[in-house]
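Enquirer: Got a predicted structure here, sequence first:
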Amino acid sequence: MAKKNFKTGIDGLLQQSNPQPTKIEGTENVDSDKKQVKATYCYYKSTLDSIKAIAYYDRKQIGQVIDEALIKYIEHYSELDKALKLKR
């Protein structure tokens with residue numbers, strides 16, 4: 001393991017921060033439906049407690065449990081095409 005150099009002071013440590021990540025070729029064509037978007041929603045406490053319990057029992061993240069439940073709901077929603085047309 002290499003020794004640390006503490007002679008440069010705090011400025012030297014800050015200047016060694018990672019540069020901007022370089023762009024990888026081929027990443028521009030990422031499907032927009034596959035990107036995750038952060039959103040905030042309000043749930044009843046009992047519903048959230050149930051979701052947390054399911055996530056703990058299945059060893060999944062809470063977001064994964066909610067996403068799976070919403071996907072199942074969407075698959076069984078009979079008027080999805082009408083709703084999507086109205087949204088646009």
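Expert: Sure thing, it's come through.

Enquirer: Which of the helices and strands in the chain ranks last by mean pLDDT?
Expert: Each helix and strand of the chain was given a mean pLDDT (mean pLDDT, DSSP states H and E); the minimum falls on helix 9-15 at a mean of 64.

Enquirer: Report the next helix or strand after that one in sequence order.
Expert: Where DSSP states H and E defines the elements, the next helix or strand beyond helix 9-15 is helix 45-58.

Enquirer: That next one packs against which elements?
Expert: helix 62-76 (3 or more Cβ pairs under 8 Å, 6 or more residues apart in numbering; DSSP states H and E). C-beta coordinates here come from the backbone N, C-alpha and C atoms, glycine included.

Enquirer: Report the buried residues of the helix it packs on.
Expert: Of all the residues in helix 62-76, those buried under the rule 16 or more other Cβ atoms under 10 Å are 65-66.

Enquirer: what packs against the helix or strand following that helix?
Expert: Reading on from helix 62-76 to the C-terminus, the next helix or strand found by DSSP H and E is helix 80-87. Packed against helix 80-87, as judged by 3+ Cβ pairs under 8 Å, 6+ apart, are no other helices or strands.

Enquirer: contacts for helix 80-87?
Expert: Contacting residues not belonging to helix 80-87 are listed as 74, 77 [Cβ atoms under 8 Å, 6 or more residues apart in numbering].

Enquirer: Just the angle for it relative to helix 62-76, thanks.
Expert: 110 degrees (axes from the mean of the first three to the mean of the last three Cα atoms, to 10 degrees).

Enquirer: Convert the C-alpha atoms of helix 80-87 to PDB, please.
Expert: Provided in PDB are the C-alpha atoms of helix 80-87 (Å, rounded to 0.1, in the frame of the first residue of the first chain):
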ATOM      1  CA  LEU A  80     -54.500   2.000 -20.500                       C
ATOM      2  CA  ASP A  81     -54.500   2.900 -24.200                       C
ATOM      3  CA  LYS A  82     -57.300   5.500 -23.600                       C
ATOM      4  CA  ALA A  83     -55.500   7.000 -20.600                       C
ATOM      5  CA  LEU A  84     -52.200   7.300 -22.500                       C
ATOM      6  CA  LYS A  85     -54.000   9.100 -25.400                       C
ATOM      7  CA  LEU A  86     -55.600  11.600 -23.000                       C
ATOM      8  CA  LYS A  87     -52.300  12.200 -21.300                       C
END
